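Trainee: have a look at this prediction, sequence included:
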Amino acid sequence: MNMNKLTLFFALVASFLSFSCVKESEPYSVRMVRSEISRNPDALHLDGRQGQRKWNYTTGLELLSFWDAAQMYDLEDVRQYVRDWADTMTTVGGDVHTYKRSNYNVDHICPARVFFDLDDAYGKETPRYRNVVDMIRKQIDSQPRTEGGEFWHKQIYPHQVWLDGLYMALPFYAEYTSRYSPQDQRDSLYADIVDQFVKAARNTYDPATGLFRHAWDESRSMFWCDPQTGLSEHAWGRANGWVAASLVDVLDYLPQDNPGRAQLIGLLNYFLEVLPKWADPQTGMWYQVLDCPAREGNYLESTCSIMFTYAFLKGLRLGYIDQSHKDYVMGLYGKFIDTFIRENEDGTISMTNCCSVGGLGGKQMRKGDYEYYLSEPIIENDCKGVGPFIWASLEWERMNRK
């Protein structure tokens, strides 16, 4: 082997080791990033994609959390990992592989969030990242809506509002508005964003439990909904978790003097008031079917539990939640780790008890009843849980820096 090839070989080995080496002395946010990269040396393998190029919110969400950890701890190799995925999925002109606006799928808005940060970092080198967010933003202008103005979840799910969709669309919508929308249009755009939360909460609210049902059908025609209320049958854990997480993320971009802030902060504190009543008294964590904690077969579910934990930690740090709740909120993080984080023999960590997926209708004719939610696979290291775990860890680490 000549000298040049030897140098290249050692460079490649060093690059691999920088990704795969997980140090127990590092904070949990970094350990989880390193663990996931060790399991998936190419981001196209995240979420079980096996190298498939597909524009999906799960990969985009997890990579945004990677980026945030990389920024906090100055991890250049992680930034490059994220950028490699973004460049693989898009063209310089802003086209996105497999994305079709005509599907009007709010899930496909979410993965563009990391492109704001990529544009901040590399925008002087290429217009790619700004072009992508501009292209995705156009979907919002023509997204089908209910009569009350709420986004349909997808074109194939007409008249349906799913709580998942608040997270899929609104943090992106709010960040784009704060960065790029004309100044004279921002107040009306922010009002639209707040209105999405207010109406979704009103239309999915279950007065019997104080929780929010997974979805609402304005037409009352879907087989899974109550023909009188339009509500799905249960308050699914992760659906409520998406709302809590989206609240604290949208508040990052809503101006301090915007009247909608009080409504969103009020909803966050409402979650803080009602959720402890539905938590497992031993672990403090929450169940897959949130409104049936004692029912046979139900299980503690990690993705919803970490979304609630993340939202409360961030809310506490930023002053949305009163300091009188500090002991409870800070205690959730350690309880989550004790319940769901496993130390592996190779030094990596894993997140257990993740519900793989949850939805309504579709080709599978998902009924949204109790048996349905228990029928979905339980997996480890689901992107929808790993990302919020990294964000919750970053919040904890910010508040516990020495």
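Mentor: That came through, no problem.
Trainee: which stretches of the stretch 201-350 of the chain form strands?
Mentor: For the stretch 201-350 of the chain, applying DSSP state E, counting those that start in this stretch gives strands covering 215-217, 341-343, 349-351.
Trainee: hey, which of those is tucked in deepest?
Mentor: The highest mean neighbour count among the strands of the stretch 201-350 of the chain, using mean count of other Cβ atoms under 10 Å, belongs to strand 215-217: a mean of 27. (C-beta placed from N, C-alpha, C; glycine too.)
Trainee: flag the shaky bits of the stretch 301-402 of the chain, pLDDT-wise.
Mentor: Within the stretch 301-402 of the chain, the segments meeting pLDDT under 70 span 402.
Trainee: okay if I get the strands of the stretch 201-350 of the chain as JSON lines plus distance to residue 187?
Mentor: Output for the strands of the stretch 201-350 of the chain, formatted as JSON lines (distance: least, Cβ to Cβ, whole Å):
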{"stretch": "strand 215-217", "distance to residue 187": "27"}
{"stretch": "strand 341-343", "distance to residue 187": "43"}
{"stretch": "strand 349-351", "distance to residue 187": "40"}
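Trainee: relative to residue 72, which of the ones you listed is closest?
Mentor: strand 349-351 (18.0 Å; Cβ to Cβ).
Trainee: pairing partners for that closest one, with directions?
Mentor: Using DSSP bridges, the strands paired with strand 349-351 are strand 341-343 (antiparallel).
Trainee: show residues contacting the partner strand.
Mentor: By Cβ atoms under 8 Å, 6 or more residues apart in numbering, the residues outside strand 341-343 that reach it are 28, 349, 350, 351, 352, 389.
Trainee: hang on, the earlier thing: which of the strands of the stretch 201-350 of the chain sits closest to residue 136?
Mentor: Across the strands of the stretch 201-350 of the chain, residue 136 has its closest neighbour in strand 215-217 (23.4 Å, Cβ to Cβ).
Trainee: by contact count, what packs against the closest one?
Mentor: With contacts defined as 3 or more Cβ pairs under 8 Å, 6 or more residues apart in numbering; DSSP states H and E, strand 215-217 has these neighbours: strand 160-162, helix 183-204.
Trainee: repeat that for 7 Å
Mentor: With contacts taken as 3 or more Cβ pairs under 7 Å, 6 or more residues apart in numbering; DSSP states H and E, strand 215-217 sits against strand 160-162.
Trainee: contact partners of the strand it packs on?
Mentor: Contacts with strand 160-162, where a contact means Cβ atoms under 7 Å, 6 or more residues apart in numbering, come from 146, 150, 152, 153, 200, 203, 214, 215, 216, 217, 222.
Trainee: what separates the closest residue to the fourth one other than its chain neighbours from residue 81, distance-wise?
Mentor: It stands for residue 153. The shortest distance from residue 153 to any non-neighbouring residue, by Cβ to Cβ, 6 or more residues apart in numbering, is to residue 162 (4.4 Å). Distance, residue 162 to residue 81, using Cβ to Cβ, to the nearest Å: 31 Å.
Trainee: one more: residue 31?
Mentor: To residue 81, residue 31 is 16 Å away according to Cβ to Cβ.
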